[in-house]
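1. mind looking at a prediction? Sequence and model below.
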Amino acid sequence: MNRLQRIRSFLSGIVMLLGGVALIFFEDKSLTLITLIIGISLLVMGLNALFYYFTMARYMVGGKAALVSALFMLDFGAFTIAMYDASRLVTLMYLTGLYAFTGLVSILRAIEIRRYKGPWKLRLAQGVGSAVIAAACIFSRGDGALLVLLYSAGLIYSAILRIIAAFRKTELVFVQ
Amino acid sequence: MQIDFHYYATYCAAHIAGYSHEESLAVCYSAQFVDCCSRTLLGRIGGPSSAATTQLQLEMMEARTDMPGIQDITRIWSSFHFLPRNLGAEIPRGSKMYKNKYRLICGPNGDLLAETVNLAKHRGLQAAGIAMHVLADTWAHRYFAGTPSVVINNTDSFFYELVPDEGAAAGDGEAAAVDGAAAGSAAVGRKYKERQIVFKHNPAEADDIETGAYINTLFQFSENSVMSLGHGRAGHLPDYSFARYRYLPAWGNYREVVKDNPSDYYHAFCQMICALKFLRGESGPEAGEAAAEQAVSGQPDAGQSNAGQPAAEQPEARQFAKDRYDWEAAAPYEARIKAILETRQLDSSADWKAFGESLSGQEIPDFDIEQYSREYMDAAGDAKDKTFLGQFIAAAIRQKSMVTERIFKSGNLLAGYTIDYSEKGISAIRDAKMLIGAAKKGREK
């Protein structure tokens, strides 16, 4: 990462961290806010995808599909924002999908590490933990406080990763 | 490529190049170990994670695809499996990022290949093995890049396998000739049936070469998805020596590519013999010509052309010459090698093993990933660097460092930054300490 990318990664991490903490404290409005955040994120992703199409994907074989994908994402973002009055359902679906996928990957990874005789138990515990959270989302039947807490925890975790990434080593020593 | 070529065929090439049985085993073990040296393995034996030469499937699944993550992936896959052919390749379209990705496309006989082989010279059998892995993969993995990229590595439904049609008469309308086959390839003049490949995405399934049911990675729109790393979207077809196919590479502007693996693999084999002779310091006919070229170009210590002289009397080439193949050394075995390469089977290990054992008269043990682990784990402190795996790790870090530096110096940040120790003198980075120590002494362990 160059210096600008590091600064961007650090600042976005700080903003996400503050946002995650704030969501916990403003619980009554949080679900609506979360829906807006998801919707706006999709809009931004759609714009990014448009930029990607015009700078790269249009030069590839079958690149038009990237344009369709970008437009679809923009549309889906607008739709999510329009669903702010059903924010509980949007947040529930988002969290369940996210944690179920993360849990599955971690469990598969633990099995792979075990095959290589490496330390697998912690990874398995992480996978089971994520799967339990996904199940909790479903069985909570949209309990607002729980959904906000889970979303905020995920946001804070991503924020910490971004801050760490800003300080990660990307250089290699060249010795000949 | 798979264990059949990286382990057994490399053994054969090393033996033909003049290495002893034990030396050939060390070279081919190191060549195959490149496909095994993951962070998971290094973590278990206590090795430096920066020496990773590959990533396990699920290591990649959980790899972050932010900039540091992509740089880490690119360092590993471009350095060892998809060596870029031309870091300065010109292409009259696309943004800078597009061009940077395009310039990482792998192919044989690039400048980086010569540097890879030169880097391994006088640096032990492990370094030679790593160089042979890289060299062989430049043939198998050509047209794909060692960085996650949809716009470079994607393939679409236009993907046809060319299956030999033994019953076809000349002029048969159903069969097609391989137009793109290299001169001298067994493909020339033969007839093929085209079979459209419809890939499946279940990694738990195996390829079925009889029905043409192959597995590839799932298409994802995300440009940096690991699903679009290397030849994942073409499945294992580049890894099978028998495979011939035509397809539209994403970067190719709708021009189709015909890939003739038997021809490419034979080129790889003969180039390995040439490179291994160079690494041994022996000047075969090809190296003799290279030495002569160096003499013409005014470099010191190079002799005149001595192609007719016995190898031991020829001058030693100081730089590896690209696009040279030791056809002569392979000629006595050409029919057998080509038969192995052409046989439609998922794993040619048994055939290569039998060939290798007939060459040396010695048994080639099966590859055992744990063969040298205990030695490394039991060694104390600096003694680790002198073990078999210690020397492999040093050679791997050196190769990764060289390739990363070349990519960085070309103005491309996809593999990250490098700090030139000779300029900056930074010695606090633990993983490079062994190289720094060796550089200070002016020799290798």
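-> Perfect, I can see it now.

2. hey, let's count contacts and neighbours off CA atoms from now on
-> OK.

3. low-confidence regions, chain A specifically.
-> For chain A, applying pLDDT under 70 flags the ranges A:1-2, A:116-119, A:142, A:169-176.

4. quick check: B:Y11 touching B:E22?
-> No - using CA atoms under 8 Å as the test, B:Y11 is too far from B:E22 to be in contact (9.8 Å).

5. between the two, tell me which one has more neighbours.
-> Taking neighbours as other CA atoms under 10 Å in any protein chain shown, B:Y11 and B:E22 compare with B:Y11 leading, 33 against 12.

6. and the helix or strand containing that one, what does it pack onto?
-> Assigned by DSSP states H and E, B:Y11 belongs to helix B:10-16. Under the contact criterion of 3 or more CA pairs under 8 Å, 6 or more residues apart in numbering or on different chains; DSSP states H and E, helix B:10-16 touches helix B:21-33, helix B:261-280, helix B:349-360.

7. the strands in the chain, which residues?
-> You didn't say which chain, so I picked chain A. With strands called from DSSP state E, chain A shows them at A:171-174.

8. let's do chain B instead
-> Under the criterion DSSP E, strands of chain B are mapped to B:159-164, B:175-176, B:192-196, B:244-247, B:257-260, B:417-420.

9. chain A is nearest to which of these?
-> Distance to chain A, taken as CA to the nearest CA, is lowest for strand B:417-420 among these, at 4.6 Å.

10. so what are the sheet partners of the closest one and their directions?
-> strand A:171-174 (parallel) (DSSP bridges).

11. what sits against the residue lying closest to B:L346 once chain neighbours are set aside?
-> Nearest residue to B:L346 in three dimensions, chain neighbours excluded: B:Y240, at 6.7 Å (CA to CA, 6 or more residues apart in numbering or on different chains). B:Y240 makes contact with B:M1, B:Q2, B:N261, B:Q345, B:L346, B:D347 under the criterion CA atoms under 8 Å, 6 or more residues apart in numbering or on different chains.

12. and if you look at B:K101?
-> Applying CA under 8 Å, 6+ apart, one finds that B:K101 lies in contact with B:A145, B:T147, B:S149, B:I152, B:L414.

13. name the nearest residue to the second one, sequence neighbours excluded.
-> Here the nearest residue to B:T147 in space, its sequence neighbours aside, is B:T74; by CA to CA, 6+ apart that works out to 4.8 Å.

14. what's the distance between that neighbour and B:N118?
-> According to CA to CA, to the nearest Å, B:T74 and B:N118 sit 22 Å apart.

15. cool, B:A331 as well?
-> From B:A331 across to B:N118, the span is 26 Å (CA to CA).

16. give me the more crowded residue out of the two.
-> Between B:A331 and B:N118, B:N118 has the larger neighbour count (other CA under 10 Å), namely 20 against 12.

17. still on that earlier bit, for the helices and strands packed on helix B:10-16, which one sits closest to B:R246?
-> Ranking these by proximity to B:R246 (CA to CA) places helix B:261-280 first, at 11.2 Å.

18. can I get that closest one in CSV, CA atoms only?
-> C-alpha atoms of helix B:261-280 as CSV (Å, rounded to 0.1, in the frame of the first residue of the first chain):
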residue,chain,number,x,y,z
ASN,B,261,0.2,-29.0,-24.0
PRO,B,262,2.1,-32.0,-25.3
SER,B,263,4.3,-29.7,-27.4
ASP,B,264,4.7,-27.2,-24.5
TYR,B,265,5.5,-29.9,-22.0
TYR,B,266,8.2,-31.3,-24.3
HIS,B,267,9.7,-27.8,-24.7
ALA,B,268,9.6,-27.5,-20.9
PHE,B,269,11.4,-30.8,-20.5
CYS,B,270,14.2,-30.0,-23.0
GLN,B,271,14.6,-26.5,-21.6
MET,B,272,14.9,-28.0,-18.1
ILE,B,273,17.8,-30.2,-19.3
CYS,B,274,19.5,-27.2,-20.7
ALA,B,275,18.9,-25.1,-17.6
LEU,B,276,20.1,-27.9,-15.3
LYS,B,277,23.3,-28.4,-17.3
PHE,B,278,23.8,-24.6,-17.0
LEU,B,279,23.3,-24.8,-13.2
ARG,B,280,25.8,-27.7,-13.0
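
19. give the other helices and strands that it contacts.
-> Packing partners of helix B:261-280 (3+ CA pairs under 8 Å, 6+ apart): helix B:10-16, helix B:111-120, helix B:124-140, helix B:285-296, helix B:327-330, helix B:334-342.

20. where does chain B dip in pLDDT?
-> Applying pLDDT under 70 to chain B flags the ranges B:167-190, B:283-317, B:421-445.
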